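**Q** Structure for the following, please:
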Amino acid sequence: MSARAAMASQVRRTRLGMWRRQHAWCLRDSLRQVVRRPLGSALTIAVMGIALALPLAFYLLLANVQHLTAALGDSQAVSVFLKSGQGAEQAATLAQNLRTRSDVATVALRTPQQGLAELAAMQGFGDAVQALPDNPLPFVLLVDPRAGSSRAQVESLVEALRAMPQVDQVQDNGQWRARLDALVALGRRVTLLLAILLGAAAVLVIGNTVRLDIRGRAGEIAVQQLLGASPSFVRRPYLYEGACYGLAAGIVAVLLVLVLEAVLAAPVRDLVASYAGRLHFGGLSSATLAATLAIALVLGWLGAWIASSRQLARS
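**A** Residues are numbered from 1 along each chain as shown. I've put the predicted structure just below:
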């Protein structure tokens, strides 16, 4: 290695070392400022943490509502009740004809005996079923629309089934799911808007805290500028300060949501048991919690950057 290359390598190591020492000093200085005002820092972190926890709690609620709909069945199956005069042969023929339709995936035939057995197995209906003189239930066809069918296509199929002379009643089992999906979509939009508004509030809280800190250290900043400190060097401790506030608030938000999950654990277990384990409720994933911490840190840095840029530009 030539002397010039060795000197260039030494200069790079020196610059890197200076850069590391500057950032380490800025980080230590920002932490000292946070610890120096324990009550004010705690209030700032608590307000921002609660603001971040609210959309996170709504997201948890929406995720479990989706689990609920999946457990209760997301099929768009249509129940077709035939008229009482239709026998087994007519029901089988109609089922075969429906299977040939391009908008139908499968058709299952449910006999009156099967329907009565299912009704007798339900709690509280056994004695009533045994008291019946005969079987009043009709043949039922369970029609599954073609995979990927839109809601409009399913409704068109339902209208076609209702128009058939053998059919007495058609029950669209997928209609409640469509309504619930619309409510979930609305909930997602509300959660997104709430997250944006509360995120903006968190930025303003951090910005105001950093602005007051800069005003309180105006003399120190003036000395740094007289000694030739660059604007980025003067601003850097406050950016670290905002990032520390944001990260601490993110930890508070995550802890609040974990406490919420723990408080609701017992009622959720009782609800799952009442549905014989068919329901599944879950908490927030580790990736979501990590993303919350990252977003909180960025919001804190952004609030500090806005406040420090405006305040230092006036000095």
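**Q** what about S79, which SS state?
**A** Here S79 is strand, with the state taken from DSSP: H, G, I helix; E, B strand; the rest coil.
**Q** One more: the one 5 residues further on?
**A** For S84, the secondary-structure state derived from three-state DSSP is coil.
**Q** dump the residue contacts of it.
**A** By Cβ atoms under 8 Å, 6 or more residues apart in numbering, the residues touching S84 are P138, D168. Bear in mind the C-beta positions are built from the backbone N, C-alpha and C, glycine included.
**Q** Report the distance from stretch 32-48 to the chain centre.
**A** 29 Å (Cα atoms, centre = their mean, to the nearest Å).
**Q** Check stretch 187-206 too.
**A** 14 Å.
**Q** and it, which residues are buried?
**A** Neighbour-count burial for stretch 187-206 flags G187, T191, A195, L198, G199, A202, V203, V205, I206 (criterion: 16 or more other Cβ atoms under 10 Å).
**Q** Nearest spatial neighbour of the last one, chain-adjacent residues omitted?
**A** This points to I206. Ranked by Cβ to Cβ, 6 or more residues apart in numbering and with sequence neighbours excluded, the top spatial neighbour of I206 is G303, at 3.2 Å.
**Q** Repeat that for R235.
**A** S308 (4.7 Å).
**Q** Give me the phi and psi angles of the one you found.
**A** Dihedral pair for S308: phi -70, psi -40, per degrees, to the nearest 10.
**Q** Tell me if I'm right that it and V210 touch.
**A** Yes: contact criterion Cβ atoms under 8 Å: S308 and V210 qualify, at 6.0 Å.
**Q** Give me the more crowded residue out of the two.
**A** V210 (28 against 24; other Cβ atoms under 10 Å).
**Q** how much space between the residue nearest to I206 and I50?
**A** 16 Å (Cβ to Cβ, to the nearest Å).
**Q** Between these two, point out the one with more neighbours.
**A** Ranked by neighbour count (other Cβ under 10 Å), G303 and I50 place G303 first, with 28 against 15.
**Q** tell me the contacts of the more buried one?
**A** Counting by Cβ under 8 Å, 6+ apart, G303 has contacts A202, V203, L204, V205, I206, G207, V210, G242, G246.
**Q** What pLDDT is listed against the fifth one?
**A** Just to be clear, that refers to I206. pLDDT, I206: 87.
**Q** Thanks again, I'm all set now.
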